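In: Quick check, what structure comes out for this input:
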Amino acid sequence: RTARGAATSRASGPAVGAVAGLAVHRMATRFIVGADPADAVPTLSGLWEGGAAATVDLLGEATVTTAEADRYARRCDEALRTLATAARDWPARRTLDVAPRVNLSVKVTALTAKVKAEAPDIGIADASHRLRMLLRTAKQVGAHLHVDMESMDSRDLITQLVIDLLNEPEFRTGLSAGIVLQAYLRDADDQLDQLLGGIQQPFTIRLVKGAYWEHETVEARQNGWVSPVYLNKVESDRSFERLTQRLLDNRPHVKVAIASHNVRSIAHALALAPDRDLELQVLRGLGDDLQVALTDMGLRVRTYCPVGDLVAGMSYLVRRLLENTSNDSFLLSRSRGADLDQLLAKP
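Out: Model prediction:
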């Protein structure tokens, strides 16, 4: 390589880095609605004006110290109060005002550094007081608190914690809360049985396909386990439709939220609920066009909106990229010209 070529290569390095950084930043702003809740208010207000509600997720999922768990809990508490204040000025929306205007999604593993399968009692005790505090704040400001699900190793602990807290006397009335159910898990029906039998008052279940497929399959392969997730998309879709039916059959005890970009899954839910007494949820940045189409139909729609800085959101962005580039993705398959009748076929 000539001296001139080497110099050109060295000069181009910072330029390439700058372009790559700009591309990542643009991608992030497509998915992330603000650096903090106050910064996100204009976007959330715009969604509401357009006929869609939102659930806010504060990015930053890895908690390894007690101080970090306390900081995440404080951020969630502040978000509930900030958004509740802002939402008071939003105009009335008949379709959306059947539920609290403010909806915050939280991760239990971010509320403690001790949620481990080998020591469940320690983890639950450590997370419970922080989650209880957030439930109290949500009840006080009239917001909804939703517990997200993550990888399989914490699923059972989180499920039992939610059941225990929602059954405490102070939360049996006047509280809007819920939990996520992942359809790609082989034992999702068992978890639903546990929730239906365990929680006494009405609560919300957000049904999702699941966002940790790669993690679960790789970990199972490394340890020689049977995969806890379905390995075939058709099986996951079939599970999703079966669980949709079960959730709708358990109204009004369960308030149903169907989270999917798959038009077949959405149409199936609507066919089972001609009264439209359900909520449809999409992801910010991936389901924007679908959100507009559903709101134009007069349906109740909620958009999952991450809030935080780019570094904290990297794991979230990676999961969204994996979903958006999957060969089995409904949106990607349709954009490539796949036959619509085939995509809408019964799984």
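
In: Would you state the helices of this protein in chain order?
Out: 3-31, 37-49, 66-87, 120-141, 152-166, 188-198, 213-223, 233-249, 263-272, 288-296, 314-325, 330-335, 340-343 (DSSP state H).

In: Among those helices, which comes closest to Thr109?
Out: helix 152-166 (5.6 Å; CB to CB). For the C-beta atoms, the positions are set from N, CA and C on the backbone; glycine is no exception.

In: For the closest residue to Leu175 other than its chain neighbours, grab the count of nearby residues.
Out: Spatially, and ignoring its direct neighbours in sequence, Leu175 is nearest to Lys139 (4.6 Å; CB to CB, 6 or more residues apart in numbering). Residues near Lys139, counting by other CB atoms under 10 Å, number 18.

In: circling back to that earlier point, confidence-wise, which of the helices of the chain is weakest overall?
Out: Mean pLDDT across the helices of the chain is lowest at helix 3-31; the value there is a mean of 58.

In: what residues are up against Ala40?
Out: By CB atoms under 8 Å, 6 or more residues apart in numbering, the contact list for Ala40 reads Val33, Gly34, Val56, Cys305, Val307.

In: how about the residues you listed in JSON lines, adding neighbour count?
Out: Listed next are the contacts of Ala40 as JSON lines, based on neighbours: other CB atoms under 10 Å:
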{"residue": "Val33", "neighbour count": "25"}
{"residue": "Gly34", "neighbour count": "19"}
{"residue": "Val56", "neighbour count": "27"}
{"residue": "Cys305", "neighbour count": "24"}
{"residue": "Val307", "neighbour count": "27"}
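
In: Among those residues, name the ones in strands.
Out: Among the contacts of Ala40, DSSP state E puts Val56, Cys305, Val307 in strands.

In: Check the burial of Gly298 by counting its neighbours.
Out: Quick note: Gly298 (other CB under 10 Å) scores 11 neighbours.

In: Give the single residue among the ones in strands among the contacts of Ala40 positioned nearest to Glu235.
Out: For these, the nearest to Glu235 is Cys305 (30.0 Å; CB to CB).

In: For beta bridges, what are the partners of that closest one?
Out: Cys305 has these beta-bridge partners by DSSP bridges: Val56.

In: Tell me the predicted confidence for it.
Out: Here, the pLDDT recorded for Cys305 equals 96.

In: And it, how close does it get to Leu283?
Out: According to CB to CB, to the nearest Å, Cys305 stands 9 Å off from Leu283.

In: now Leu294
Out: Between Leu294 and Leu283 the computed distance is 13 Å (CB to CB).
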